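Student: Fold the following.
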Amino acid sequence: MLLPHADSIVPVDMRLLAISDLHLGHPVNRRHFASIGESPEDWLILAGDMGESEEQLAFAFEHLRSRFARLIWVPGNHELWTIGRSSRGEARYQSLVELARSFGVITPEDDYPQWPGSDRPLRIAPLFTLYDYTFRPDDVPADQVLAWAAADNTICADEYLLHPTPYPSRSAWCAARIAVTEARLAALPEACETVLISHYPLRRVDARLPRIPRFSPWCGTRATESWPQRFRARAVIYGHLHIRRQFDDEGVRYHEVSLGYPWQWDQTRPVASYVQTIL
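Tutor: Model (predicted):
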């Protein structure tokens, strides 16, 4: 199991770290992944797309669980893909949650842990909300969004591999996830700040992809746009875009923490150098 951590004892150099989109199905990424060494005082956020299989996810958890005080994970779309498996949709997600828990990893289905390195209440909140195609231009109707994207030769593999079973659509699954997640966040004490963790950006304005601009419908939901302010976020962590950056907006620090595919990062640098410090 994980190294024991007493919340009442805060190491002087304790950090909250984050990375996403390791894509361990690519041999290059998997080979370099081992450069993430021991950091036993720190917590590490894994913001989705570790890989496409249970084996790849287990490989990541096994390597990291003894190297960090805690691991916190949210699923990306690649982890939810069904490739030659019978498990689909919600059943697949729940099986990944159980896999993560078997390694002692905190998931979106667990209690939001209190960050011990803060002088005021601060909860680390891993979220699973999916997307509902509302990150599209206002003049594109919902029933035309796929055709609008395809007109620019853009399609997401999720349309073939990410099944919403038992929900009738990914949008319906997203709505269900929004309802349960919003209720949990709203139940937090008003004095409590948050670190919100999602594979997808929470705001449409952040889902900008200059090279594939019509990919935005698969990048989130407008239902979460008010969450950073409404739920008193000190920081928001996301991935999915493979466009690493950090910026401040309205008193919130935003971190896009992707590594990406092998051609999207400098392989002369260790993967560990792409881990971002959040707190």
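
Student: Surely R123 is within a strand?
Tutor: Yes: per DSSP: H, G, I helix; E, B strand; the rest coil, R123 lies within a strand segment.

Student: burial of the closest residue to it other than its chain neighbours, as a residue count?
Tutor: Closest residue to R123 apart from its sequence neighbours, by CB to CB, 6 or more residues apart in numbering: Y112 at 4.2 Å. Bear in mind the C-beta positions are built from the backbone N, C-alpha and C, glycine included. Counted with other CB atoms under 10 Å, residues neighbouring Y112 total 22.

Student: In a helix, Y112, correct?
Tutor: No: with three-state DSSP as the criterion, Y112 is assigned coil and is not in a helix.

Student: That one contacts A125, doesn't it?
Tutor: Yes: in this structure Y112 lies within contact range of A125 using CB atoms under 8 Å: 4.6 Å.

Student: what is in contact with those two at once?
Tutor: Common contacts of Y112 and A125 (CB atoms under 8 Å, 6 or more residues apart in numbering): R184, T194.

Student: Specify the local secondary structure of the closest residue to Y133 other than its chain neighbours.
Tutor: Take Y133 and drop its neighbours on the chain: the residue closest to it by CB to CB, 6+ apart is P217, 4.3 Å away. What three-state DSSP gives for P217 is helix.

Student: now do I237
Tutor: Reduced to three states with three-state DSSP, the structure at I237 is strand.

Student: just the one 10 residues further on next, same as before
Tutor: Remark: F247 carries the secondary structure label strand [criterion: three-state DSSP].

Student: Which strand residues bridge it?
Tutor: Y254 (DSSP bridges).

Student: okay, now it: neighbour count?
Tutor: 10.

Student: do the same with the one 4 residues further on
Tutor: Summarising burial for G251: neighbours were counted as other CB under 10 Å, giving 10.

Student: can you check the one 3 residues further on too?
Tutor: Y254: 20 surrounding residues under other CB under 10 Å.

Student: Then D110?
Tutor: The burial count for D110: 13, using other CB under 10 Å.

Student: give the contact list for it.
Tutor: Going by CB under 8 Å, 6+ apart, D110 touches R101, P126.

Student: just the one 5 residues further on next, same as before
Tutor: Listed by CB under 8 Å, 6+ apart, the contact partners of W115 are L16, W43, L122, R123, I124, V195, L279.

Student: is it fair to say V195 lies in a helix?
Tutor: No: judged by three-state DSSP, V195 forms no part of a helix; its state is strand.

Student: Over to P75: give its phi and psi.
Tutor: Backbone torsions for P75, taken as degrees, to the nearest 10, come to phi -80, psi 150.

Student: Need the pLDDT of it.
Tutor: pLDDT recorded at P75 is 98.

Student: wait, doesn't it sit right on R92?
Tutor: No: with contact defined as CB under 8 Å, P75 does not count as touching R92 (9.1 Å).

Student: Give me the more crowded residue out of the two.
Tutor: Ranked by neighbour count (other CB under 10 Å), P75 and R92 place P75 first, with 24 against 21.

Student: Please, where are all the strands along this protein?
Tutor: Remark: strands assigned in the chain by DSSP state E are 16-19, 39-46, 68-73, 122-126, 193-197, 233-238, 245-249, 252-256, 276-277.

Student: Which stretch among these approaches V145 most closely?
Tutor: strand 233-238 (21.1 Å; CB to CB).

Student: helices or strands next to the closest one in the packing?
Tutor: Contacts defined by 3 or more CB pairs under 8 Å, 6 or more residues apart in numbering; DSSP states H and E place strand 233-238 against strand 193-197, strand 252-256.

Student: What would it look like as CSV? C-alpha coordinates only.
Tutor: The C-alpha trace of strand 233-238 is given here as CSV (Å, rounded to 0.1, in the frame of the first residue of the first chain):
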residue,chain,number,x,y,z
ALA,A,233,-10.9,27.0,-6.4
ARG,A,234,-7.3,27.9,-5.5
ALA,A,235,-6.1,25.9,-8.5
VAL,A,236,-7.6,24.0,-11.5
ILE,A,237,-5.7,21.1,-13.0
TYR,A,238,-6.6,19.6,-16.4
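
Student: So what touches it?
Tutor: 18, 20, 45, 47, 122, 193-202, 206, 227-228, 252-257, 278-279.
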